[in-house]
Every structure is written in C-alpha cells, then in structure tokens.
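S.K.: build me a model from this:
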Amino acid sequence: MEVREIVGNVRSIFSLPEAVIRINELIESGDTCNTEIERVILNDPALTAKLLKFANSTYFGFSGKVDTVQRAISIIGHKELRNLAIAASVTATFKDIPSNLLNMDTFWQHSVACGVIARLLASNVENRERFFITGLLHAVGRLILLHQFPKEFAKVLGLLNEGEDAVLSAERKTFGFIHPNLGAELLRQWKLPPDICKMVELQFEGTLDTRDKFDAFTLNAAVGMANFIQPYTNQRVDAEKSISKCTLEAWDFLGLTPELIESIVTVAKLQVIELTNMIK
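M.R.: Got it, this is the predicted structure:
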C-alpha cells in the first residue's frame, strides 16, 4: 500500500479535536485576533485547563501566574499556543493503539523528551517553538504502523536490540517506506505547517541543504538523546548500541560532545516529567 492510502485509511480514526482544528485554521489564516482564538478555547473546558497548566509550567518559566486564556495567548503567542493545543490533545487522538504491543505512557514520555530536547537544541533559532511539537510528533508514523499492521510491525520492533538502523532497514524491507513518511503525511492531512511536516519526514536524512539539514539533524539528535531519558518502548535496549549512524552524524554536525549531551539531558528531565503528566 502507498503512504497516502494508509494515512487516508486512518485519518478519521486519528483526527484532532474540532477545537484544535479550528485553532490551527485561525492561526494559519494569518488574519485572526486573540478574541477569536480565546472563544474557541473557552468552548472546550478540558483544553482550557490543559493550556493554562502548560502556560504555568517550567517549560515557559514565566514570572507570575497565568490565570486567563487571554493572558496565555498574549504572552505565549499564536504559533506556540497552536502547538500546545495539539500537545494537549494528542494522547487522546492515539488512544486505540494495542497496549500489548506498545506501552503508550512510555511512548509519550519518550516523545515529550524528544520535543523538550529539540527545543533546547534550537535555543538560538528563529521560531524555535516548532521544534517541541515536531519532537512530540516525530514517531506518530510508528503508531499508524502498529494500528494498521500490528503483526508485521511487532516483528520490526523485535529488532530494537540490534539498533535503530536495523529497525529502519526492516521498515523499508517490510513496508517499502519508513515511519517518518507516514507521520509526515498524517501531519500534512492535519494541515500543520510545511516546515514541521518536512522536519518529521527528513529526520533520518543526512544529505540535505543547510536549512533542512539543521532542522532534520536537530530533531534526530534530540531523538537519540531522548533515549537516555526514556526509550520509546519498555524493551530492554542498550541506549548507546541503539544510536543510529545518522544520530552520530547529527551530534557531530551540531558540535554535541558527550559532556554537553549529558548536561542538556539533565536540564530536560524536570520539564519532561512535568509535561508528560500534563498531556496524559
């Protein structure tokens, strides 16, 4: 089956809540005001509560309590708010994944770790807010494979002890593509910004132009570092052995020494615990 066909089959299953879709539409239109966005958020009490929790987390570190949606929108900004709205709803979106194949709490902790670390690595980049949501969603293609091809993908996951490169090779051999292709296509159908979709799709590609290479390598570097906090499955995996060749290239490209990697992982841990609890 083709990537678009597979994603088309699950689009109605893995769809974002109406409020999140509307927020994304308003922000992408480039012609909206805070009042319109606030109205959409307030119509969804659960989303309202989660967004205010995010706004008051150590992830932002604002001085003073953010106690209204209007203030949250004003100080966070539209794009970051859209990303947090997606983060607040994404676990419920993928609630139908077979638990016997993948522990979803473990998966989301890894994904949050990836998002937090990617954002830290991009601290000097314009529009760095896109790195958190890209990190959070970087492996949703694997969830689609688990949902659509549970037996086949269970065999692929059995290769984790041989490292990430072995898993990716098995994905190509079994399905004709790798999970980032599926994930990126789903994000396109969700109408997320092209730079987010592209970063997900190219995360294991090393031969890219300067802008794409920085984005893809930043995400890939974060994925590898997130494994030191929490791998995406509960299988016993040697974190160092599982590192892909592309991740080693990414660390080198970004100038990440073992000492710097350890320091960033340490800084990320507190945020990861806090944000993981929020998105559940």
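
S.K.: C-alpha from now on. contacts and neighbour counts both.
M.R.: OK.

S.K.: helices or strands up against the one helix or strand Ala222 maps to?
M.R.: Using DSSP states H and E, the element containing Ala222 is helix 210-229. Packing contacts for helix 210-229, counted by 3 or more C-alpha pairs under 8 Å, 6 or more residues apart in numbering; DSSP states H and E, involve helix 104-121, helix 129-137, helix 194-201, helix 245-253, helix 258-279.

S.K.: dump those to a markdown table, plus mean pLDDT.
M.R.: Compiled in a markdown table, the helices and strands packed on helix 210-229 are given as follows (pLDDT from 0 to 100):
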| stretch | mean pLDDT |
| --- | --- |
| helix 104-121 | 94 |
| helix 129-137 | 95 |
| helix 194-201 | 95 |
| helix 245-253 | 93 |
| helix 258-279 | 92 |
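
S.K.: I'd like those helices laid out as a markdown table, including mean neighbour count and distance to Leu47.
M.R.: What follows is those, written out as a markdown table (neighbours: other C-alpha atoms under 10 Å; distance: least, C-alpha to C-alpha, whole Å):
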| stretch | mean neighbour count | distance to Leu47 |
| --- | --- | --- |
| helix 104-121 | 25 | 18 |
| helix 129-137 | 25 | 16 |
| helix 194-201 | 21 | 22 |
| helix 245-253 | 18 | 35 |
| helix 258-279 | 16 | 10 |
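
S.K.: Tyr59: which of these is closest?
M.R.: Closest of the helices and strands packed on helix 210-229 to Tyr59 is helix 258-279, at 5.9 Å (criterion: C-alpha to C-alpha).

S.K.: tell me what that closest one is packed against?
M.R.: Secondary-structure packing of helix 258-279 (3+ C-alpha pairs under 8 Å, 6+ apart): helix 45-55, helix 78-93, helix 104-121, helix 210-229.

S.K.: send me it as PDB with only the CA atoms.
M.R.: Written as PDB, here are the backbone C-alpha positions of helix 258-279 (Å, rounded to 0.1, in the frame of the first residue of the first chain):
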ATOM      1  CA  PRO A 258      29.300  13.700  25.500                       C
ATOM      2  CA  GLU A 259      29.600  16.300  28.300                       C
ATOM      3  CA  LEU A 260      27.200  18.700  26.500                       C
ATOM      4  CA  ILE A 261      24.800  15.900  25.800                       C
ATOM      5  CA  GLU A 262      24.700  14.900  29.400                       C
ATOM      6  CA  SER A 263      24.200  18.500  30.500                       C
ATOM      7  CA  ILE A 264      21.200  19.000  28.200                       C
ATOM      8  CA  VAL A 265      19.600  15.700  29.200                       C
ATOM      9  CA  THR A 266      19.900  16.700  32.800                       C
ATOM     10  CA  VAL A 267      18.300  20.100  32.200                       C
ATOM     11  CA  ALA A 268      15.500  18.400  30.200                       C
ATOM     12  CA  LYS A 269      14.500  15.800  32.700                       C
ATOM     13  CA  LEU A 270      12.400  18.000  35.000                       C
ATOM     14  CA  GLN A 271      10.500  19.500  32.100                       C
ATOM     15  CA  VAL A 272       9.900  16.100  30.700                       C
ATOM     16  CA  ILE A 273       8.300  14.700  33.900                       C
ATOM     17  CA  GLU A 274       6.100  17.800  34.300                       C
ATOM     18  CA  LEU A 275       4.900  18.000  30.600                       C
ATOM     19  CA  THR A 276       4.300  14.200  30.400                       C
ATOM     20  CA  ASN A 277       2.000  14.400  33.300                       C
ATOM     21  CA  MET A 278       0.100  17.300  31.700                       C
ATOM     22  CA  ILE A 279      -0.500  15.700  28.300                       C
END
